[in-house]
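> okay, predicted coordinates and the sequence, questions at the end:
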Amino acid sequence: MTVGAVRGSKARGRRAAGAVLATALLCTGAVACTGSDDKSDKGAGDSGEHQSRSQVTEVITAAYKKTSAAKSAKVEMTISTPPGETAKAMGGAGEMKMSGVMGWDPTVMDVTMSGSALTEGDPSAPKQIRMLWRDNVMYMDMGATAAKDMDGRRWMKMDLNSIAKQSGDDKLTKQMTGGLDSMNQDPAQQLAMLLDSPNLKHLGAAKIEGVQTQRYKGRLTVKEMMESNDGLKDVLGKSEREQLFKNVEKAGIKGYDTEVWVNEDDYPVRMDIDIKTPDGTVKTSQTFSDYGAAAKVTPPPAGQTLDLMEMFKELGKGGSGAGSDSGF
């Protein structure tokens, strides 16, 4: 593989990996923030009958237990990110769609990503990417065109544990691997955190794609969210959590509105995520079905994969200036 090919593949891979990884972290619960605009079926509306706080707590607790036990579901997700600094962190502005099967405890995924966020600024980027996630390793199918620049290998491999360890930073390794270990939070842990909302309330009945549901909403400030997220406590010390809190507040994020629609079987049918930022609102909508659906993931053959870290190393050996942007 030539240096130019490596550089081009790396640039495409980095953009795609950033967008896909950001989506993966959102849907696995590593980014714990939920809320939404209203997209329920027309005419569903408020039933006019609202449950008491104890009734609401009982319903969300039951939903948490059922979802936690299911361990997997089919999922469809849409993320819309406005242009700006937030988009850079998320891998690109625009819309990202995802559909497939995901599991939690442990985290596994077999989903297909598409949307303008993948191709922003690079028309040659893949129009869609299949993403597999197993044992904290992400595999991305970059397509037949990209395979020409990857020695015929169309799958890009990103081993997050390996990346952390190769950094030589013990703290980074602990934070990354610990964060991955706590990523079995979606959607059950999101429901658990919703229970900590001081203003959790029932909004009434609504139909989602023909399914009768009850709609609930609550709000957590950044501080309340961080205190509710046990995964953060396991990974970060008190001073580190305080610094993270300051950084999030500095970024202009004040809190998280959480909204969930629960069906008659106590499963969440839909959960929406809105993150309000100075650039605008990052909107995420997730719908779930077929709880308990098989979420078996088989990694692609080693001969068809290209390790992202190995690509970086090869780029660094390519000569003067070739490795100047080798950071991911």
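Sure thing, it's come through.
> so where's the stretch 51-200 of the chain uncertain?
For the stretch 51-200 of the chain, the stretches with pLDDT under 70 are 86-92, 120-124, 163-186.
> can you pull out the helices in it?
For the stretch 51-200 of the chain, applying DSSP state H, counting those that start in this stretch gives helices covering 53-70, 85-90, 116-119, 143-147, 160-166, 170-181, 188-194.
> could you list every helix and strand in contact with the last one?
With contacts defined as 3 or more Cβ pairs under 8 Å, 6 or more residues apart in numbering; DSSP states H and E, helix 188-194 has these neighbours: helix 53-70, strand 211-221, helix 222-228, strand 255-263. Using the backbone N, CA and C atoms, a C-beta is placed for each residue, glycine as well.
> pretty sure Y291 contacts A63?
No: between Y291 and A63 there is no contact under Cβ atoms under 8 Å: 10.8 Å.
> neighbour count: the two, which is higher?
Taking other Cβ atoms under 10 Å, Y291 and A63 do not tie; A63 has more neighbours (25 against 17).
> need the residues touching each of Y291 and A63.
Y267 (Cβ atoms under 8 Å, 6 or more residues apart in numbering).
> if we can go back for a sec, can I get the helices and strands packed on helix 188-194 in CSV with distance to M138?
Shown next, in CSV, are those (distance: least, Cβ to Cβ, whole Å):
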stretch, distance to M138
helix 53-70, 23
strand 211-221, 28
helix 222-228, 25
strand 255-263, 25
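> of those, which is nearest E310?
Closest to E310 of these, according to Cβ to Cβ: helix 222-228, at 36.1 Å.
> could you pull up the mean pLDDT of that closest one?
With pLDDT averaged residue by residue, helix 222-228 scores 73.
> G210: neighbouring residues, count only.
G210 is flanked by 6 other residues according to other Cβ under 10 Å.
> do you know how far it is from E76?
Per Cβ to Cβ, to the nearest Å, G210 is found 15 Å from E76.
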